[in-house]
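Novice: Need a 3D model of the sequence below.
(chains A, B, C and D)
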There are 2 protein chains.
Amino acid sequence: MEPKRRQTDARLEIFKQACREYGLKITPQRVAIFQEFHGSAEHPSAVMIYDKVRQDYPHISLDTVSRTLTTLNKIGLAKEVEFSGEARRFDPNLDRHHHFRCIKCGHIVDFNNEIYDSIVIPEELKMKYTVLEKKVCLEGICDRCRAGD
Amino acid sequence: MEPKRRQTDARLEIFKQACREYGLKITPQRVAIFQEFHGSAEHPSAVMIYDKVRQDYPHISLDTVSRTLTTLNKIGLAKEVEFSGEARRFDPNLDRHHHFRCIKCGHIVDFNNEIYDSIVIPEELKMKYTVLEKKVCLEGICDRCRAGD
DNA sequence: ATGTTTGCAAATAGTTTGCATCCAG
DNA sequence: CTGGATGCAAACTATTTGCAAACAT
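Specialist: Numbers count the residues shown, from 1 in each chain, chains lettered A, B, ... in the order given. Here you go, the predicted structure:
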């Protein structure tokens, strides 16, 4: 019995199937990147994946990793971490509020919501971490970008 | 009656008071940056502020803006937008989940919570925006960083 | 007077683009 | 075979650091 490998293979099969659907070629680099990415418990950046994959594929380039992660994001097998990859931005609003971010134009809208304000931090998290900030993050398409389509 | 200016001045006074408390000098550049920043409805990056302040202070440098925003963040008059300023990162976990991020080491932890899963998007937001993703974002200090102090 | 802050320049880091070569289908 | 993918180099963007000069206190 090899449950771990079996599961990995199942995921890999999903990836390969997705490639076929989207007309993407199944290259050794893509397979290696996907395996490394999918097995990661962190939320890796291109460089993190690059450093690991390079151990097996010394000739792989960082752009290939970068492009592949972008591709995985496009075909729905990866989700870009909210706000990462953008320039540092600062919020002058110090009151409790929440964020909606447009994935097209990057615009961030503050909004208030009493129900969101009152959500409680789970006990098991409180034990392990010091939580300094809580906020609901919504993402989608803003009115202006929706109109511009 | 000048309600708008009066309010601006009140905020400026808070800033000046904070500078005195923290032993920071009140320079024309800092005042200009603070005014521009505080009046901004966006969530500006250093470059955005730079471009505006430069209209009045052509000699100001981008680093000064960058450093001042970092300073404002430190003394609690600005809040860095979660995850911004970091390299693009990707999440292999496609299931619904939420994020805790350590502000010291940048580590992102996934966690599940049924109550968080069931939060509802307010009607007025649904009307205006197409919401594709919702997630609770917590920030603080993780167990490892807390132990390392 | 003096110690912080500023502005410039250089260094660093991450991402993107163009292009010739390579290879999966 | 052929079009998409790769790897390299260069361009770009954002940020950080060192340092001499400037200036707030």
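
Novice: what comes up buried for the longest strand anywhere in chain A?
Specialist: In chain A, taking DSSP state E as the definition, the longest strand is strand A:130-141. Neighbour counts over strand A:130-141 (16 or more other Cβ atoms under 10 Å in any protein chain shown) mark A:134-141 as buried. For the C-beta atoms, the positions are set from N, CA and C on the backbone; glycine is no exception.

Novice: and those near chain B, which?
Specialist: Taking Cβ under 8 Å from any Cβ of the partner chain as the test, chain B is in contact with A:134-141 out of the buried residues of strand A:130-141.

Novice: Now pLDDT too, for those residues, in TSV please.
Specialist: TSV is the format used below for those (pLDDT from 0 to 100):
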residue	pLDDT
A:K134	94
A:K135	94
A:V136	96
A:C137	94
A:L138	94
A:E139	93
A:G140	93
A:I141	93
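
Novice: Dump those residues to JSON lines, plus distance to B:H59.
Specialist: JSON lines is the format used below for those (distance: Cβ to Cβ, whole Å):
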{"residue": "A:K134", "distance to B:H59": "41"}
{"residue": "A:K135", "distance to B:H59": "37"}
{"residue": "A:V136", "distance to B:H59": "42"}
{"residue": "A:C137", "distance to B:H59": "38"}
{"residue": "A:L138", "distance to B:H59": "40"}
{"residue": "A:E139", "distance to B:H59": "39"}
{"residue": "A:G140", "distance to B:H59": "41"}
{"residue": "A:I141", "distance to B:H59": "40"}
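
Novice: burial of A:R146, as a residue count?
Specialist: 14 (other Cβ atoms under 10 Å in any protein chain shown).

Novice: State the pLDDT value of it.
Specialist: pLDDT, A:R146: 87.

Novice: you'd agree it is up against B:T130?
Specialist: Yes - using Cβ atoms under 8 Å, A:R146 is in contact with B:T130, at 6.1 Å.

Novice: Could you count how many residues lie near the closest residue to A:V81 other than its chain neighbours?
Specialist: Using Cβ to Cβ, 6 or more residues apart in numbering or on different chains and skipping residues adjacent in sequence, the residue nearest A:V81 is B:R89, 4.3 Å away. Using other Cβ under 10 Å, B:R89 is surrounded by 23 other residues.

Novice: now B:R89, which residues is it bridged with?
Specialist: A:S45 (DSSP bridges).

Novice: Which positions are bridged to A:H98 in the beta structure?
Specialist: The partner residues for A:H98, given DSSP bridges, come to A:F111.

Novice: which ones are touching it?
Specialist: Residues in contact with A:H98 (Cβ atoms under 8 Å, 6 or more residues apart in numbering or on different chains) are A:110-113, A:116, A:135-138.

Novice: ok, now A:H107?
Specialist: A:101, A:142, A:144, B:42.

Novice: now the residues you listed: which count as buried?
Specialist: A:101, A:142.

Novice: In CSV, list the contacts of A:H107 along with secondary structure.
Specialist: Supplementary listing: the contacts of A:H107 in CSV, determined by DSSP: H, G, I helix; E, B strand; the rest coil:
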residue, secondary structure
A:R101, strand
A:C142, coil
A:R144, helix
B:E42, coil
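
Novice: Relative to B:N113, how far out is the residue nearest to A:V81?
Specialist: Separation of B:R89 from B:N113 (Cβ to Cβ, to the nearest Å): 21 Å.

Novice: again with A:P92
Specialist: From A:P92 to B:N113 the distance is 30 Å (Cβ to Cβ).

Novice: In chain A, what residue spans correspond to strands?
Specialist: Taking DSSP E, the strands of chain A run over residues A:79-80, A:90-91, A:98-102, A:108-111, A:130-141.

Novice: Give me the helices and strands touching the fourth one, please.
Specialist: Meaning strand A:108-111. When contacts are defined as 3 or more Cβ pairs under 8 Å, 6 or more residues apart in numbering or on different chains; DSSP states H and E, strand A:108-111 sits against strand A:98-102.

Novice: Find out how far the strand it packs on is from the centre of the chain, if you would.
Specialist: Its chain's average C-alpha position is 16 Å from that of strand A:98-102, according to Cα atoms, centre = their mean, to the nearest Å.
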